[in-house]
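J.: Can you look at this prediction? I've put the sequence above it.
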Amino acid sequence: MLVLGLLAACGQNQAPSVPTTSSTAPLGVFSLSDSGCSYEGKATVSSESGTIRLSNKISTEAHFDFFKLNQGHNYLELVAHIQEAERRRLAGEPELGHPTFATFSSSTTVSAHGSQTLPIPGSAGTYGVVCIPWNLGPLRKYSAGPLTVS
């Protein structure tokens, strides 16, 4: 503020221009907290329309795994699959593995209390995310979504 006042006193009527970076707000945010994983944002986006943010609000790193649902399948199937995977994990039963009705798209690791911005997936379809708190292995699994890319 003192600098602006000095510039104005010297006959300058505006502050010097400062270069700005163009950043657009993400179209959606996948957030992992102690109570689970959620998605907030636009339900449908264009594949070239911007970014999404992954936000890890817990004290361990987390994996955000994107699954593109195969034609004829819906997000609720992914929710049920992840719930069954969790039930099996807690019961000490064999793992389910990746869902057969969805294609694994990508995995991004986000550090504890960190965030990362990613481009919108480039392939049209409906996506769900599996959020996995991680400490030398998966601690739990949550689902979030859906996000439809046109």
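T.: Yes, it's here. Residues are numbered from 1 along each chain as shown.

J.: hey, which helix or strand in this protein has the poorest pLDDT?
T.: Least confident helix or strand, the chain: helix 2-9 with a mean of 34, by mean pLDDT, DSSP states H and E.

J.: Which helix or strand lies directly C-terminal to that helix?
T.: Proceeding N to C from helix 2-9, the next assigned helix or strand is strand 28-33, under DSSP states H and E.

J.: Would you mark the buried spots in the following helix or strand past that next one?
T.: Counting by DSSP H and E, the element after strand 28-33 in chain order, helix or strand, is strand 36-41. Of all the residues in strand 36-41, those buried under the rule 16 or more other C-beta atoms under 10 Å are Cys37, Ser38, Tyr39. Just so you know, the C-beta spots here come from the backbone N, C-alpha and C atoms, and that holds for glycine as well.

J.: Listing partners with orientation, what would you give for strand 36-41?
T.: As defined by DSSP bridges, the strand partners of strand 36-41 come to strand 28-33 (antiparallel).

J.: Next, the buried residues of the strand it pairs with.
T.: Within strand 28-33, the residues scored as buried using 16+ other C-beta under 10 Å are Gly28, Val29, Phe30, Ser31, Leu32.

J.: could you dump these to JSON lines with pLDDT?
T.: Putting those into JSON lines (pLDDT from 0 to 100) gives the following:
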{"residue": "Gly28", "pLDDT": "95"}
{"residue": "Val29", "pLDDT": "97"}
{"residue": "Phe30", "pLDDT": "98"}
{"residue": "Ser31", "pLDDT": "98"}
{"residue": "Leu32", "pLDDT": "98"}
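
J.: Format those as CSV; extra columns: distance to Thr44.
T.: As requested, those are arranged in CSV below (distance: C-beta to C-beta, whole Å):
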residue, distance to Thr44
Gly28, 10
Val29, 16
Phe30, 16
Ser31, 19
Leu32, 23
